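> Next comes the sequence, and after it the predicted model I'd like to discuss.
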Amino acid sequence: MKFHDPRNLSLLNAGVISGACSLLFLLLTGLIFPDSLSHYYIYLALILNASAIFFVSYSIFRYTVERFIYSKIRLVYKSIHSVKLGKKGKSLLKADKNILDNVQREVDGWEIEKQQEIERLKQLEQYRRDFIGNVSHELKTPLFNVQGYVSTLLDGGLEDPSINREYLKRTEKSVERLIRIIADLDEIAQLDAGQINLTITRFDVVGLTREMIELLDMKAKKHEVEVILNDPGKPMLVEGDKDKIRQVLTNNIDNSIRYRNLDGGRTKISFFDMDENILVEITDNGIGITQEELPRVFERFYRTPGGREATRKGKGLGLAIVKHIMEAHHQMVNVRSTIGVGTTFGFTLKKA
């Protein structure tokens, strides 16, 4: 029996009071009228008095507890419940319910939620600091380059035909890099806000992959990377935004070329029938990613130490965009990797 329930609590107190009164009645009767204890009417009177005291005590306690004490607890519960559910939420607490148990559960649940919320806010704050630092770092290099080239030209280099055109070309490249960074950031912001409308069509993902391989063929040959298409021998029709999926394929294939194995790079693209979806995997034999770094590869501007050593190019935004595109398609993207063995990026698309 849970004695913090209004009914049980009233029963307990009424029972104690009626029992105490009955015991006191017997003691006083025995002291004043010792012979009367042998008569049955004394015990009948005892039962009647005990019942009356029990009923009156129970009623008083029940009224007091529910009207005064539990009415205050009910207000606390209602306030907590309303905050958790929002303004439209309605409390279902009734007078005959176990109020204290409900309040305790609500408070405990609320405490856990707030602790989790605090941890999320701390993580977001750390992410915000990292993000601002990474943005500053990425913008700093091209901006300083532009400043240096322009200052040199203004200091007399503009009249020197041996450097003026070359410095203007370098300035143009730095400006183009700035534009690409800003464009990528704008795209991520729009994806975050759900402001990009996907144009869903039916297309052959194998044919699209073949196009991307041909487009990146020169870059692959330049870096001595063999790109292998594991052709299923038939079209694999999927539903999605073709241009966005083209971007996903380009980013992943480009990464496999960029972070290649210097002794002989190889990238293999495979397709798997997963009942309702098609799984696309891009596997390379590159430098690999440590298990500690894997959870962060989809963060904006994040580049692994091995990736920074392998190449200075890249902004660390490609995989963040890939993740957002796949989430917009309500599909998954994952990565697995082993240092010195290679990396596999996979994503799914809904069958058409």
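Looks like it arrived, so ask away.
> isn't Ala50 right next to Leu24, touching?
No - here Ala50 lies out of contact with Leu24, judged by CB atoms under 8 Å, at a distance of 10.8 Å. All C-beta atoms are positioned from the backbone trio N, CA, C, and that covers glycine.
> So which of these two has more stuff around it?
Under the neighbour definition other CB atoms under 10 Å, Ala50 and Leu24 were set side by side, and Ala50 has more, 18 against 10.
> can you tell me how far the more buried one sits from Gly15?
Taking CB to CB, to the nearest Å as the measure, Ala50 and Gly15 are separated by 10 Å.
> just checking, what packs against the host helix or strand of Ser256?
When secondary structure is defined by DSSP states H and E, Ser256 falls within helix 242-258. In terms of contact count using 3 or more CB pairs under 8 Å, 6 or more residues apart in numbering; DSSP states H and E, helix 242-258 is assigned the packing partners strand 200-204, helix 205-215, helix 217-222, strand 225-229, strand 265-274, strand 277-284, helix 318-328, strand 342-351.
> helix, strand or coil for the residue lying closest to Ile196 once chain neighbours are set aside?
Once flanking residues are discounted, Ile196 sits nearest to Gln190: 4.8 Å by CB to CB, 6 or more residues apart in numbering. Assigned with DSSP: H, G, I helix; E, B strand; the rest coil, Gln190 falls in the helix class.
> For burial, what's the neighbour tally of Gln190?
When counting by other CB under 10 Å, one arrives at 13 neighbours for Gln190.
> buried residues in stretch 153-164?
When neighbours are counted by 16 or more other CB atoms under 10 Å, the buried residues of stretch 153-164 are found to be 153, 157, 163.
> actually stretch 35-45, sorry about that
Ile42.
> from the chain's centre, how far out does it sit?
75 Å (CA atoms, centre = their mean, to the nearest Å).
> Please save the CA atoms from it in PDB.
Written as PDB, here are the backbone C-alpha positions of stretch 35-45 (Å, rounded to 0.1, in the frame of the first residue of the first chain):
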ATOM      1  CA  ASP A  35     -17.100  -4.900  36.200                       C
ATOM      2  CA  SER A  36     -18.600  -3.500  33.000                       C
ATOM      3  CA  LEU A  37     -15.900  -5.100  30.800                       C
ATOM      4  CA  SER A  38     -17.700  -8.400  31.200                       C
ATOM      5  CA  HIS A  39     -20.800  -7.100  29.400                       C
ATOM      6  CA  TYR A  40     -21.200  -7.300  25.700                       C
ATOM      7  CA  TYR A  41     -22.800  -3.900  25.300                       C
ATOM      8  CA  ILE A  42     -19.500  -2.300  26.300                       C
ATOM      9  CA  TYR A  43     -17.900  -3.900  23.300                       C
ATOM     10  CA  LEU A  44     -20.800  -3.000  21.100                       C
ATOM     11  CA  ALA A  45     -20.500   0.600  22.100                       C
END
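> quick revisit: go ahead and produce PDB holding the CA coordinates of the helix holding Ser256.
Listed in PDB are the C-alpha atoms of helix 242-258, where the atom choice follows Å, rounded to 0.1, in the frame of the first residue of the first chain:
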ATOM      1  CA  LYS A 242      19.700  14.200 -59.800                       C
ATOM      2  CA  ASP A 243      21.800  17.300 -59.500                       C
ATOM      3  CA  LYS A 244      22.200  16.900 -55.800                       C
ATOM      4  CA  ILE A 245      23.100  13.200 -56.100                       C
ATOM      5  CA  ARG A 246      25.600  14.200 -58.800                       C
ATOM      6  CA  GLN A 247      27.200  16.500 -56.200                       C
ATOM      7  CA  VAL A 248      27.300  13.700 -53.600                       C
ATOM      8  CA  LEU A 249      29.000  11.400 -56.100                       C
ATOM      9  CA  THR A 250      31.500  14.100 -57.200                       C
ATOM     10  CA  ASN A 251      32.500  14.900 -53.600                       C
ATOM     11  CA  ASN A 252      33.000  11.300 -52.600                       C
ATOM     12  CA  ILE A 253      34.900  10.300 -55.700                       C
ATOM     13  CA  ASP A 254      37.000  13.400 -55.500                       C
ATOM     14  CA  ASN A 255      37.900  12.700 -51.900                       C
ATOM     15  CA  SER A 256      39.000   9.200 -52.800                       C
ATOM     16  CA  ILE A 257      41.300  10.600 -55.400                       C
ATOM     17  CA  ARG A 258      42.600  13.400 -53.200                       C
END
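> how about low-confidence regions in the stretch 151-300 of the chain?
Counting by pLDDT under 70, the ranges of the stretch 151-300 of the chain that qualify are 191-195, 300.
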